[in-house]
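Q: fold the following.
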Amino acid sequence: MARQFPINRTRNIGIMAHIDAGKTTTTERILFYTGVSRTLGEVHEGTTVMDWMEQEQERGISITAASTTCFWRDHRVNIIDTPGHVDFTIEVERCLRVLDGAVTVFCAVGGVEPQSETVWRQADKHNVPRIAFINKCDRPGADPWRCVQQIRDRIRAHPLLTQLPIGIEDAFSGVVDLIEMRALEWVGDTTGAIFMEREVPSELVRPAKHARAALVEALGEVDDEILALYVEGAEISPKQIKAALRRATIAGRAVPVFLGAAFKNKGVQPLLDGVVDYLPSPVDMPPVRGHDGDGQTVVRGASADEPFAALAFKIMSDVVGGSLTYFRVYSGHVASGATVFNSTKGTRERIGRLLRMHANRQEEIRRVGCGNIAAAVGLRATSTGDTLCDTRAPIVLELIDFPQPTCSVAIEAKTGAEQQALHQALGQLAVEDPSFSVTADEETGQTLISGMGELHLEIIVDRLVRDFGLAASVGRPQVAYREAITRAAEAEGRFEHVIGGRGLFARVKLRVEPGRIGDGISFHNQTTSRVVPREFVAAVERGARTALARGVLCGYPIVDAAVALLDGDHHPLDSNEMAFQIATSQAIAEALAQAGPVLLEPLMALDVVVPDPFVGGVVGNLSSRRARIVGMEPRGGAQAIAAEVPLATMFGYSTDVRSLTQGRATFTMQFLRFAAVPQHVASGIANRIRSS
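A: Sure thing, here's the model as predicted:
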């Protein structure tokens, strides 16, 4: 029988980090020390519990978020280990949407790296309290103090160092707990399960006292109770410090910082204590908000007595067993066999089985209560972001934001007989991964798959082979260009036609102008019902949005434009929706041609860490790719180069940079923004499209 815990002794946490910071290794140590695993899984050996996919084990990276449950100090800890590679950022986004807290892992050598900043901003967006774990304190070049300063400077957080290292680099053996003023050392036991607790070493007594005073002073900046005690000069107990740290962490005003070396099995148990001591339970978080069918705000508290409400945040396709729907319960409870209401789609669903997941291993459970995470079998219509709730108390929770794909390739089955199976498999993968999409090019008849980068699409194609037994031919990656306008323009569209003896008539006058970046397409009606009847205004808006989906330069969608209906005319008998849509498309086409259209391309933020002897070659290669170097910073015998570079020039870069640096450079790349394509490049793209 599953162990039962009150909701205040439940922690829902994510482990997040830049790639190769040691996130999965840290999670594996947590599972070992909490008794979930009997052996220490290693990423480089492909033996980890959380990286269970073949593709993850071969590449040594996390691709999909994996969840599990463990127990520490009589608390239930639900853990989601998220990927660190930018191509799989959707996994971080949707997991943070349903988590109450997070552990951010930083590398003591690399410090705050680009993807660390990205996941931190994602956590900020969802108001997720965090603690930090500075890992790899045993590595050459480790500097946890520099990392703390970067947390303060780069991501504008308020880090509070709760430990000092005992030794550094290869001499790292443990930590000094600044709250309890005790030393914890991992010596003798190679698994790290046993550590010594002793007095602070004499050479560290003075630094530890200074560091503890700095901790209390910094804590007083964000907690009034500690500030009052500090001003009075009163002795502040460890219990008071911990209580204040918990308050400040949950409020998002501070980030407790822990030190360790997960690969060498040091420092993980105090980190687990920090999860229990400082990260919130579901009852510590604000009630979740949504709306009912009438659009009225509805609030659900974290209580078993409230009506059932949950958010589906992940779908996993299983060729054999069907789909698994991961969901977080915000209020109430649900049992296997129950009928629930999908309020997002307005349909009823029956839960066949309920599962507690341990990566890819399933444990069947009878019910799941408030504040917990589980997976359901049998939900046919539910997709990522849907709300599941009590049929008698509907609520629609806030949706999950999904990033737009930046890279596409054409794909086709090797044989005609496999074409239908390929489309079905791609459909399943698109349901599972909302950052992946499948479209048909109407002009060429090709099937295009789009994702967040080359690696993302490479994994998709690999899964087609391994999971679905389908081999497919894949074209060269294509860039998801966009079009925009640079000035306002007005145009009129007029449609008059006779079909079967009956006339069709509509006239519209529109203004199209650039909108604010990121606002998308907006529509405003500035006419009266006498000019364009209300029932036809919606047809004008549909016609405008349809026309803007295909620009005048290369046929790519127009972004960030505002359309205003200025004037029009109708006939009481001959006007209908189709006539107004056609007239609108004519007006839009004419206005776009006058509005200074430009082609936009995805611009990527690139960070390359290059050993000093190879910097010149890497910089020269980037210049040939139209990159703009925005900064360089020394990093322990290497240079960290930050650049902005068009995605179109970066295909195959991983091969080139390995060749230029004898395999010693590392790089990360993430979408930054859309930017105008230089005129000579845009002309070449337009000519290529017209000739294809």
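Q: if I pick the residue lying closest to Ile90 once chain neighbours are set aside, what's in contact with it?
A: Excluding the flanking residues, the one nearest Ile90 by Cβ to Cβ, 6 or more residues apart in numbering is Ser435, at 3.9 Å. C-betas here are computed from N, CA, C, even on glycine. Ser435 makes contacts with 89-90, 402-403, 405, 451-452, 456, as judged by Cβ atoms under 8 Å, 6 or more residues apart in numbering.
Q: show the buried residues in these.
A: In those, burial by neighbour count holds for 89-90, 402, 405, 451-452, 456, counting by 16 or more other Cβ atoms under 10 Å.
Q: ok, back up a step: farthest pair within the contacts of Ser435?
A: Maximum pairwise distance among those (Cβ to Cβ): 13.3 Å, between Phe402 and His456.
Q: do a quick rundown of the helices in the stretch 551-692 of the chain.
A: Per DSSP state H, counting those that start in this stretch, the stretch 551-692 of the chain carries helices over the ranges 577-594, 615-623, 653-660, 679-691.
Q: out of these, which is the most enclosed?
A: helix 577-594 (a mean of 22; mean count of other Cβ atoms under 10 Å).
Q: packing partners of that helix?
A: Counting by 3 or more Cβ pairs under 8 Å, 6 or more residues apart in numbering; DSSP states H and E, the packing neighbours recorded for helix 577-594 are strand 489-499, strand 502-514, helix 534-548.
Q: sorry, back to before: just send the helices of the stretch 551-692 of the chain back as a markdown table, with distance to Ile241 too.
A: As requested, these are exported to a markdown table (distance: least, Cβ to Cβ, whole Å):
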| stretch | distance to Ile241 |
| --- | --- |
| helix 577-594 | 62 |
| helix 615-623 | 45 |
| helix 653-660 | 46 |
| helix 679-691 | 58 |
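Q: of all those, which one is nearest Phe468?
A: Closest approach to Phe468 among the helices of the stretch 551-692 of the chain (Cβ to Cβ): helix 653-660, 26.2 Å.
Q: can you tell me the average pLDDT over the closest one?
A: With pLDDT averaged residue by residue, helix 653-660 scores 81.
Q: list of residues touching it?
A: Identification of contacts with helix 653-660 by Cβ under 8 Å, 6+ apart yields 454, 608, 614, 617-618, 621, 625, 665, 667, 669.
Q: which residues touch Asn372?
A: Contact partners of Asn372, counting by Cβ under 8 Å, 6+ apart, are 10, 12, 76, 78, 328-329.
Q: rounded mean pLDDT for stretch 177-192, please.
A: Averaging the model's pLDDT scores along stretch 177-192 yields 92.
Q: got it, and stretch 39-46?
A: Along stretch 39-46, the predicted local confidence has a mean pLDDT of 70.
Q: again, but for stretch 9-16
A: Per-residue pLDDT over stretch 9-16 has a mean of 94.
Q: distance from the chain centre to it, please.
A: Stretch 9-16 sits 16 Å away from the centroid of its parent chain (Cα atoms, centre = their mean, to the nearest Å).
Q: give the buried residues for that stretch.
A: Those buried within stretch 9-16 under the rule 16+ other Cβ under 10 Å are 10-16.
Q: can I get those in TSV with distance to Val559 and secondary structure?
A: Putting these into TSV (distance: Cβ to Cβ, whole Å; DSSP: H, G, I helix; E, B strand; the rest coil) gives the following:
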residue	distance to Val559	secondary structure
Thr10	43	strand
Arg11	41	strand
Asn12	36	strand
Ile13	37	strand
Gly14	31	strand
Ile15	35	strand
Met16	30	strand
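Q: got TSV for those, with distance to Arg380 too?
A: TSV is the format used below for the buried residues of stretch 9-16 (distance: Cβ to Cβ, whole Å):
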residue	distance to Arg380
Thr10	29
Arg11	32
Asn12	27
Ile13	31
Gly14	28
Ile15	32
Met16	31
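Q: just give me the closest of these to Gly295.
A: For Gly295, the closest of those turns out to be Asn12, at 29.0 Å, with distances computed as Cβ to Cβ.
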